[in-house]
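Chemist: Have a look; sequence and predicted model below, questions after that.
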Amino acid sequence: MNAAPLPSRLAFVASERPEAQAARQRLARRYGEVAAEEAEVIVALGGDGFMLETLHSVLGRGAPVFGMNRGSVGFLMNDYAEDDLPARIAAADPTRIHPLQMDAQTQAGEHHSALAINEVSLLRQTRQSAKLRITVDERVRMEELSCDGCLIATPAGSTAYNLSAHGPIIPLDSQSLALTPISAFRPRRWRGALLSHRARVRFDVLEGDKRPVSATADSYEVRHIARVEVFERRDLALTMLFDAGRSFEERVLAEQFAS
């Protein structure tokens, strides 16, 4: 099998952290750089939050993203090293992911749409718990969930907020989504559900005037929502590159055995 050709057109993007900015300047001088629109590969320097920003910025453009950790959290990033970068990228394992679409309607009747690579989350805005009705594929599955919130996570996002909320880690090839409550009060013992990636989920906010709820698709927030629909966009795909032997699938598997 022939080795992949070394990429010659790299674009370097960095978070605002000083160490990320300094790394971008060194790498650009060493390997040269082109504009992101002309790049074969985009190299993102920062933490997981910046990786999500970069992935959102390349939606629809097709360029794969190779991340290197210059932030505080780096689950989505490769280790930082400056030597032999084109060879590392050529040998990297690609991971294709699909975002979620959030369509939200506010109490005032306004409509908002956004894409989420990690998760769509609903959260109470005040001291009052949220009350949600959950419908999956036009069938009501839960008449009333009293909680701090609820989220739907992609496999790529299952190790982020979803895991902190005690949701399951999902292998990338499972074709599943995680529906996870956040501090469920009633029914207290409900731990969520695994759904098909084809599922369309609707949340209706109950008593929204008394118990306001916000909805967030990654970093895009809509407040005082009345209802939210969430589904996977199979027509959109993003490619992340991970060092050989450290694929995203391997990281997800290893995370399940972490103590």
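Modeler: Cool, got the structure.
Chemist: what are the ranges of the helices in the stretch 151-259 of the chain?
Modeler: With helices called from DSSP state H, counting those that start in this stretch, the stretch 151-259 of the chain shows them at 161-164, 248-256.
Chemist: For the first one, list every residue counted as buried.
Modeler: It refers to helix 161-164. For helix 161-164, the buried set under the neighbour-count rule, 16 or more other Cβ atoms under 10 Å, comprises 161-163. For the C-beta atoms, the positions are set from N, CA and C on the backbone; glycine is no exception.
Chemist: any chance of the residues you listed in JSON lines, plus distance to residue 17 and pLDDT?
Modeler: Converted to JSON lines, the buried residues of helix 161-164 look like this (distance: Cβ to Cβ, whole Å; pLDDT from 0 to 100):
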{"residue": "161", "distance to residue 17": "22", "pLDDT": "91"}
{"residue": "162", "distance to residue 17": "25", "pLDDT": "93"}
{"residue": "163", "distance to residue 17": "24", "pLDDT": "90"}
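Chemist: how about those in TSV, adding distance to residue 34?
Modeler: Shown next, in TSV, are the buried residues of helix 161-164 (distance: Cβ to Cβ, whole Å):
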residue	distance to residue 34
161	34
162	36
163	37
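Chemist: Go through the residues you listed and say which is closest to residue 29.
Modeler: When these are compared for distance to residue 29 (Cβ to Cβ), residue 161 comes out closest, at 37.0 Å.
Chemist: Compare the helices of the stretch 151-259 of the chain and say which comes out lowest on pLDDT.
Modeler: Lowest mean pLDDT of those: helix 248-256, a mean of 76.
Chemist: Contacts for that helix, please.
Modeler: Helix 248-256 has contacts (Cβ atoms under 8 Å, 6 or more residues apart in numbering) with 75-76, 93, 95, 155-156, 158-159, 163, 169-173, 240, 242.
Chemist: who's in contact with residue 142?
Modeler: Counting by Cβ under 8 Å, 6+ apart, residue 142 has contacts 132-134, 190.
Chemist: whoops, I mixed them up, residue 195
Modeler: 136, 152, 176-179, 201.
Chemist: Same question for residue 112.
Modeler: 102-106, 220, 222.
Chemist: how about the strands in the stretch 1-150 of the chain?
Modeler: Taking DSSP state E, counting those that start in this stretch, the strands of the stretch 1-150 of the chain run over residues 10-14, 41-46, 65-69, 93-97, 100-106, 111-116, 119-124, 130-136, 139-147, 149-153.
Chemist: And the stretch 151-259 of the chain, by the same measure?
Modeler: With DSSP E, counting those that start in this stretch as the criterion, the stretch 151-259 of the chain has strands at 176-182, 193-196, 201-205, 213-217, 220-222, 225-232, 238-242.
Chemist: Listing partners with orientation, what would you give for the third one?
Modeler: Strand 201-205 has the following sheet partners, assigned by DSSP bridges: strand 130-136 (antiparallel), strand 225-232 (antiparallel).
Chemist: tell me the angle of the shortest one relative to strand 119-124?
Modeler: Here the directions of strand 130-136 and strand 119-124 differ by 140 degrees (axes from the mean of the first three to the mean of the last three Cα atoms, to 10 degrees).
Chemist: can you check the last one too?
Modeler: Using the same axes, to 10 degrees, the direction of strand 225-232 lies 160 degrees away from that of strand 119-124.
Chemist: from memory residue 74 sits against residue 49, does it?
Modeler: No - in this structure, residue 74 is not within contact of residue 49 by Cβ atoms under 8 Å, at 10.5 Å.
Chemist: Quick one: neighbours of residue 132, just the number.
Modeler: 26 (other Cβ atoms under 10 Å).
Chemist: thinking residue 155 is in contact with residue 168, fair?
Modeler: No - distance between residue 155 and residue 168: 10.1 Å, which falls outside the contact criterion (Cβ under 8 Å).
Chemist: more neighbours, these two?
Modeler: Neighbour totals were compared for residue 155 and residue 168, and residue 155 leads with 24 against 18 (other Cβ under 10 Å).
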